[in-house]
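> here you go, sequence then predicted model.
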Amino acid sequence: MNAKLVAAAVAVIALGGLGAYGIFAGQGVAAPTAQAAAGRAMVEVALPAQLSATAKLGETAFNARCASCHGVNAAGRAGVAPPLIHKIYEPGHHGDMSFLMAARNGARAHHWRFGDMPPVPGLTDAEIGAIITYVREVQRANGIY
Ligand code: HEC
């Protein structure tokens, strides 16, 4: 292959990657994220005026173990993981058990194109319960359910 062909192939691959990114970034997301930098919040999250004591514990655990992927305030991170403050994750669609299972066993990519979620080891049931309480309170404050 000569240099020109190689350059053309690289350009095609790069464009293909951008196209795929555009498709997933636009999926079910309120904000225009197609041009968002990787890692940016995917939705705007309003915090409740007050979190319950349990939710506050959950927030701390969430920030330590989940926010690196799901973003601060569970607002998602472009190119990394979805916002949990999202209709898809309301209790009627993803009940509390699915949160417990995701933390314990991970989750196979099915709603998005971020890839699989790995298990998050070392959390007690109580800690995961507090995380769920936190996510639910923030979901309610944002009219998710
Ligand atoms: C390494 C990155 C990463 C971390 C850390 C992470 N997640 Fe996830 N999570 C993902 C990705 C990616 C998905 C999307 C899977 C899909 O396409 O549906 C996901 C999906 C989920 C789902 C939906 C599961 C389902 O059944 O569809 C829940 C609930 C969830 N995460 C909760 C959490 C909680 C709670 C934590 C912290 C204890 C956490 N995640 C930590 C990446 C992560």
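Received, thanks. Numbering: from 1, shown residues only.

> okay, helices next: where are they in the protein?
Counting by DSSP state H, the chain has helices at residues 3-25, 53-65, 67-70, 96-105, 125-141.

> so Asp125 sits against Ala103, correct?
No. In this structure, Asp125 sits apart from Ala103 without contact. The criterion is Cβ atoms under 8 Å, and the distance is 9.5 Å. C-beta: built from backbone N, CA, C; applies to glycine.

> contact residues of this protein facing the ligand?
On the criterion Cβ under 6 Å from any ligand atom, the ligand has as its neighbours in the chain the residues 65-66, 68-70, 81-82, 94, 98-99, 102-103, 107, 109-112, 114-115, 117-118, 120, 123, 131.

> buried ones among the residues you listed?
Buried members of those, scored by 16 or more other Cβ atoms under 10 Å, are 65-66, 70, 81-82, 94, 99, 102-103, 107, 114, 117, 120, 123, 131.

> now for those residues: which two are most distant?
Phe114 and Leu123 (20.6 Å; Cβ to Cβ).

> low pLDDT regions in the protein?
Counting by pLDDT under 70, the ranges of the chain that qualify are 1-36.

> number of nearby residues for Arg104?
13 (other Cβ atoms under 10 Å).

> do the same with Gly39
11.
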